[in-house]
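**Student:** Got a sequence here, can you model it:
(one chain, ligands or ions: 2)
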Amino acid sequence: TYVVTENCIKCKYMDCVEVCPVDCFYEGENFLVINPDECIDCGVCEPECPAEAIVPDSEEKATDWLELNVKYAAQWPNITRKGAPLPDSDDWKDKPGKADLLSP
Ligand code: SF4
Ligand code: F3S
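**Tutor:** Ligands and ions are numbered 1, 2, ... in the order given. Model (predicted):
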């Protein structure tokens with residue numbers, strides 16, 4: 001599966017949502033997650049994210065995030081259409097240490 005990681009927090013560009021063939025993204029206030037049970041591993045979303053937040057779970061960067069994708073996919077509503085990115089998304093892009101800013 002692919003997972004959404006820290007770089008998405010406070011950016012939420014949502015370009016990923018538009019391309020997913022199985023609509024397996026779920027939306028929180030300032031972060032999106034993938035439902036690993038539904039992801040078909042096509043990889044199409046990975047290059048679409050301007051923040052490079054999406055990685056295959058085989059990558060070291062995905063450690064810790066797989067669990068969060070599973071958790072929030074069960075709680076948050078499904079999203080199938082791109083909405084407006086967060087207003088200050090460009091300011092938060094590439095900023096380190098955003099993990100604690102995730103709004104559950
Ligand atoms: Fe959707 Fe494919 Fe990305 Fe999985 S890898 S979330 S199926 S676009
Ligand atoms: Fe987040 Fe990137 Fe999608 S910033 S909402 S994973 S396009």
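
**Student:** Just confirm Val70 contacts Pro36, I think it does.
**Tutor:** Yes - judged on CB atoms under 8 Å, Val70 makes contact with Pro36 at a distance of 5.9 Å. In this view, the C-beta of every residue, glycine as well, is placed from N, C-alpha and C.

**Student:** Count the residues that sit near Val55.
**Tutor:** Around Val55 there are 18 other residues, counting by other CB atoms under 10 Å.

**Student:** Would you mind naming the helix or strand containing it?
**Tutor:** strand 54-56 (DSSP states H and E).

**Student:** got a list of contacts for that strand?
**Tutor:** 1-5, 8, 16, 34, 41, 43, 45-46, 48, 61-62 (CB atoms under 8 Å, 6 or more residues apart in numbering).

**Student:** need the helices for the chain, in chain order.
**Tutor:** 15-19, 65-73, 89-92 (DSSP state H).

**Student:** Quick one: closest of these to Ala99.
**Tutor:** helix 65-73 (9.0 Å; CB to CB).

**Student:** Tell me, how many residues neighbour Val33?
**Tutor:** Val33 has 26 nearby residues by other CB under 10 Å.

**Student:** got a list of what it touches?
**Tutor:** 3-4, 25-26, 68-69, 72-73, 76.
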